[in-house]
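J.: Give me a 3D structure for the following:
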Amino acid sequence: MHYDERIMKVCEEIAALVRPVRIWIFHSKYALDGALESFKLCVIVNESESECYKTEQKIYLNVECDVPYDVLVYNREHWDSLMEDPCSFASRGIKNGGVVLYESE
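T.: Model prediction:
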């Protein structure tokens, strides 16, 4: 699937900034004319769970985009535990409803 260049640019900048394990896109909103209005990414990192909030802040402070975007940051262990629960938002909404845009492994 082809994604808007702004989504890919944000993904590339996040990858360079925080060196994540994986980046998922799990939502994008388009206007009736096809223009991108917003998008949501999930970033999986190797940091401790307590560092995820700082990583999220770092992304918002350093990665700009002319359309609104949201980022959820999970550490790898927490993400893996959520994948064991098919009812979790991470499993149901992100993994099953999203697409991996970046993977370091």
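J.: Show me what secondary structure element comes after the longest helix belonging to the chain.
T.: Ranked by residue count and defined by DSSP state H, the top helix of the chain is helix 5-18. Next helix or strand after helix 5-18 toward the C-terminus (DSSP states H and E): strand 22-30.
J.: Let me know the average pLDDT across that following strand.
T.: Mean pLDDT, strand 22-30: 96.
J.: Between helix 5-18 and it, find me the angle.
T.: Interaxial angle, strand 22-30 versus helix 5-18 (axes from the mean of the first three to the mean of the last three CA atoms, to 10 degrees): 150 degrees.
J.: Output the contacting helices and strands for strand 22-30.
T.: Counting contacts by 3 or more CB pairs under 8 Å, 6 or more residues apart in numbering; DSSP states H and E, strand 22-30 packs against helix 5-18, strand 36-45, strand 99-103. Where you see a C-beta, it was placed from the backbone N, CA and C, and this is true even at glycine.
J.: Run through who's touching the last one.
T.: By CB atoms under 8 Å, 6 or more residues apart in numbering, the residues outside strand 99-103 that reach it are 1, 3, 7-8, 11-12, 14-15, 20-26, 41.
J.: Mind doing that once more with 10 Å?
T.: Here strand 99-103 makes contact (CB atoms under 10 Å, 6 or more residues apart in numbering) with 1, 3, 7-8, 10-12, 14-15, 20-26, 28, 41-44.
J.: if we can go back for a sec, quick one: which of the helices and strands packed on strand 22-30 is nearest residue 86?
T.: Closest approach to residue 86 among the helices and strands packed on strand 22-30 is made by strand 36-45 (16.9 Å; CB to CB).
J.: tell me the angle whichever helix or strand comes after that closest one makes with strand 36-45.
T.: Once the chain leaves strand 36-45, the next helix or strand it forms, by DSSP H and E, is helix 52-62. Computed by the same axes, to 10 degrees, the angle separating helix 52-62 from strand 36-45 equals 140 degrees.
J.: Report the buried residues of helix 52-62.
T.: 52, 55-56, 59 (16 or more other CB atoms under 10 Å).
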